[in-house]
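Asker: When you get a sec, could you give me coordinates for this:
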Amino acid sequence: MDSFFTMRRLLVCGFVFVFIFSGCTRISSTDVGSGLIPPIDGVTTLDTTFNILTDTYDDLDSVRVFKTDNHVLGIINNDPIFGKTNASLYFEVAANNYPFLMQGIKDSIIVDSAVLVLSYKSAFGDSMQPLKLNVYEINSQLEQFRDYAVNYPNAFPISYNPSALGPSVNVDIRRLGDSVINRFEAAKNQIRIKLNKSFATRMILGYDTTTAYKNDSTFRTYLKGFAVIADPSTPANALLNINLTDTNTKLALYYSTANTASTTRDTVVTNFRFNANTSGHANFITRNRTGAEITQHLSAVPKSDSLVYVQTSPGTGVRIRVPGLQSLSNRIIHRAELVIEQVPDDNHLDIDAAMNPPRYLLLSIYDSLYHRKKSIPNSFAITTSGPNTSEIGGYLTFKTTQGYNQVAAYTFNLARFVQGIATRNDTAFNMILTAPSNDSIYYSAPYPNQATQQIYNLTPGYSNNIANGRVRLGGGTHTRFRMRLRVIYSKI
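Answerer: Numbers count the residues shown, from 1 in each chain. This next block holds a predicted model:
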């Protein structure tokens with residue numbers, strides 16, 4: 001990464017004369033919005049297009065997944081562009097309070113069943129293929145995952161009993177919105193996995209004769225949690241977004257017991273839930289790019305490419321260099337748009353349609369010294385309402401272009417960044433394009449208040465759900481979907 005950011009000086013010398021005024025032609029519209037841009041008359045108001053150099057790099061660092069975030073679970077087995085993805089889920093459950101006792105008269109309890117229920121929120125990928133899930137019992141405690149989860153199972157291995165706690169369940173994603181109505185609840189968006197009766201007996205009768213339910217820490221030594229694993233042998237092609245803190249997620253224990261009237265029996269359910277304060281969790285997401293198109297375009301050393309690839313973290317990012325920008329002379333910048341467009345996959349349009357592009361892309365600068373993302377000077381701003389994403393851009397839009405009815409597009413308004421380069425000779429930093437989830441950015445306030453600096457966390461509300469989204473984009477040398485920087489300006 002360091003070598004990428006040191007190439008700027010060499011590139012500037014070779015490209016300055018070619019790129020500064022590579023496109024002094026009129027344009028009829030902008031992608032961010034016209035605002036107060038004066039009409040382009042070719043005399044007082046001009047426009048130019050800067051060519052861009054782009055390439056793709058792996059961005060597989062660990063990603064935080066907080067307890068209240070949606071976690072992902074599933075398999076993508078058929079993505080010819082980006083490869084395979086495997087997402088597994090690990091979490092603990094707890095009683096509502098301790099010490100805990102099962103309802104009713106102990107000696108009269110008759111065990112019915114145990115069902116692990118997961119709260120389904122949405123899906124990424126192909127909902128037509130069923131997803132096969134298995135539940136296992138974890139052998140090691142999740143203590144180290146109290147605060148966040150990571151995506152590398154090799155770094156923090158979690159062992160689980162290889163014998164499943166129940167038969168596999170085939171999840172029809174299309175039916176998850178159907179209502180579940182019984183005497184205990186009326187709900188929908190539930191994944192229900194029935195567990196073995198022996199496990200239900202252990203929970204309902206076995207532990208009730210021990211100290212298992214004495215307190216939370218003791219209970220976790222008896223039941224260390226569940227591992228929910230998607231079967232990789234199935235043709236599934238989807239990731240499910242699961243919320244652990246939602247009331248739909250629970251271990252439901254069903255049984256009947258005699259009441260104090262002795263001859264009357266009651267059927268009851270006891271729920272153990274994920275506790276946001278005490279329960280551990282982990283969400284492991286692994287990428288396998290073997291045989292995928294992207295492997296031909298990944299490079300540790302920057303080199304210009306006509307195709308670039310963005311996959312929501314943990315995934316890939318794009319390096320962007322604008323060689324002629326540093327030599328821009330002083331002028332009034334009305335608009336500077338970085339225009340980015342998807343390159344559709346004509347051979348797999350159905351897969352392309354199922355694998356949605358990221359809903360948000362972050363344009364930033366990579367600080368190789370501190371290994372962190374930095375805000376684009378002057379253009380990226382944070383107010384009391386959060387980042388100025390509506391102004392700087394980055395959210396997914398669609399356009400009709402090049403004979404396609406719907407092409408994903410992203411546009412960034414970099415007018416203030418470019419104005420600083422033209423007026424004050426600010427540094428024309430190389431940039432990176434990523435699809436973050438729970439990322440952070442080192443923020444410097446716009447000129448003249450650059451001394452105001454802070455670390456700002458980009459939550460999924462301002463970015464993406466983990467692992468949801470991927471898109472192939474036109475690079476700086478693509479013939480039809482070329483990434484480019486258009487600048488509208490007036491001479492001084």
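Asker: so the residue nearest to the spatial centre of the chain, which of the three states?
Answerer: Against the mean C-alpha coordinate of the chain, by C-alpha atoms, centre = their mean, the closest residue is Ile466 at 2.5 Å. Under DSSP: H, G, I helix; E, B strand; the rest coil, the three-state class of Ile466 is coil.
Asker: mind checking which helix or strand the residue lying closest to it once chain neighbours are set aside is in?
Answerer: Distances taken as C-beta to C-beta, 6 or more residues apart in numbering place Ser437 nearest to Ile466, at 4.3 Å, with adjacent residues excluded. Where you see a C-beta, it was placed from the backbone N, CA and C, and this is true even at glycine. Using DSSP states H and E, Ser437 is not contained in any helix or strand.
Asker: quick revisit: measure the residue nearest to the centre of the chain to Ser313 for me?
Answerer: Per C-beta to C-beta, to the nearest Å, Ile466 is found 7 Å from Ser313.
Asker: show me what contacts Val135?
Answerer: Leu116, Ala164, Leu165, Gly166, Ile193, Leu195, Phe226, Ala227, Val228, Ile229 (C-beta atoms under 8 Å, 6 or more residues apart in numbering).
Asker: circling back: the residue nearest to the centre of the chain contacts Asp69, correct?
Answerer: Yes. Applying C-beta atoms under 8 Å as the test, Ile466 and Asp69 come out as touching, 7.1 Å apart.
Asker: Mutual contacts of these two, please.
Answerer: Contacts common to Ile466 and Asp69, judged by C-beta under 8 Å, 6+ apart, are Asn438, Pro460.
Asker: what ranges do the strands span in the stretch 101-250 of the chain?
Answerer: 110-126, 131-137, 169-171, 179-181, 186-188, 190-195, 226-230, 237-243, 250-258 (DSSP state E, counting those that start in this stretch).
Asker: By mean pLDDT, show me the worst of those.
Answerer: If the strands of the stretch 101-250 of the chain are sorted by mean pLDDT, strand 179-181 sits at the bottom with a mean of 79.
Asker: What pairs with that one, parallel or antiparallel?
Answerer: strand 186-188 (antiparallel) (DSSP bridges).
Asker: Show me what counts as buried in the partner strand.
Answerer: Under the neighbour-count criterion of 16 or more other C-beta atoms under 10 Å, strand 186-188 has nothing buried.
Asker: which outside residues touch it?
Answerer: Leu176, Gly177, Asp178, Ser179, Val180, Ile181, Asn248.
Asker: what do you get if the cut-off is 7 Å, keeping everything else the same?
Answerer: Gly177, Asp178, Ser179, Val180, Asn248 (C-beta atoms under 7 Å, 6 or more residues apart in numbering).
Asker: If any of those residues are buried, give me the PyMOL selection for them.
Answerer: Command for PyMOL that selects the buried part of those, burial taken from 16+ other C-beta under 10 Å:
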select buried, resi 248
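Asker: Return the closest of the contacts of strand 186-188 with respect to Leu328.
Answerer: Proximity of those to Leu328 (C-beta to C-beta) peaks at Gly177, which lies at 52.7 Å.
Asker: so that closest one makes contact with Asn189?
Answerer: Yes. Using C-beta atoms under 7 Å, Gly177 is in contact with Asn189, at 6.1 Å.
Asker: tell me the domain ranges of this protein?
Answerer: 2-62+290-490, 84-288 (automatic domain parsing).
Asker: how long is the shortest one from one end to the other?
Answerer: Which is domain 84-288. Using C-alpha to C-alpha, to the nearest Å, one end of domain 84-288 lies 5 Å from the other.
Asker: For Gln296, give me phi and psi.
Answerer: phi -80, psi -10 (degrees, to the nearest 10).
Asker: and if you look at Lys303?
Answerer: According to degrees, to the nearest 10, Lys303 has phi -150, psi 140.
Asker: how about the strands in the stretch 351-492 of the chain?
Answerer: Using DSSP E, counting those that start in this stretch, strands in the stretch 351-492 of the chain cover 362-367, 372-374, 382-383, 386-387, 397-401, 404-413, 431-434, 439-444, 453-458, 470-474, 484-490.
Asker: Most tightly packed of those?
Answerer: Counting by mean count of other C-beta atoms under 10 Å, strand 470-474 has the highest mean neighbour count of these, with a mean of 25.
Asker: what residue ranges in the stretch 151-300 of the chain score low on pLDDT?
Answerer: Along the stretch 151-300 of the chain, segments meeting pLDDT under 70 span 151-156, 260-263.
Asker: who are the neighbours in contact with the residue nearest to Ile466?
Answerer: Counting by C-beta under 7 Å, 6+ apart, Ser437 has contacts Val63, Thr312, Ser313, Pro460, Ser463, Asn464, Asn465, Ile466.
Asker: Pro387: which of those residues is nearest?
Answerer: Nearest to Pro387 among these, with distances taken as C-beta to C-beta, is Ser463, at 9.5 Å.
Asker: Distance check, that closest one against Ala381.
Answerer: Here the criterion is C-beta to C-beta. By it, Ser463 lies 17 Å from Ala381.
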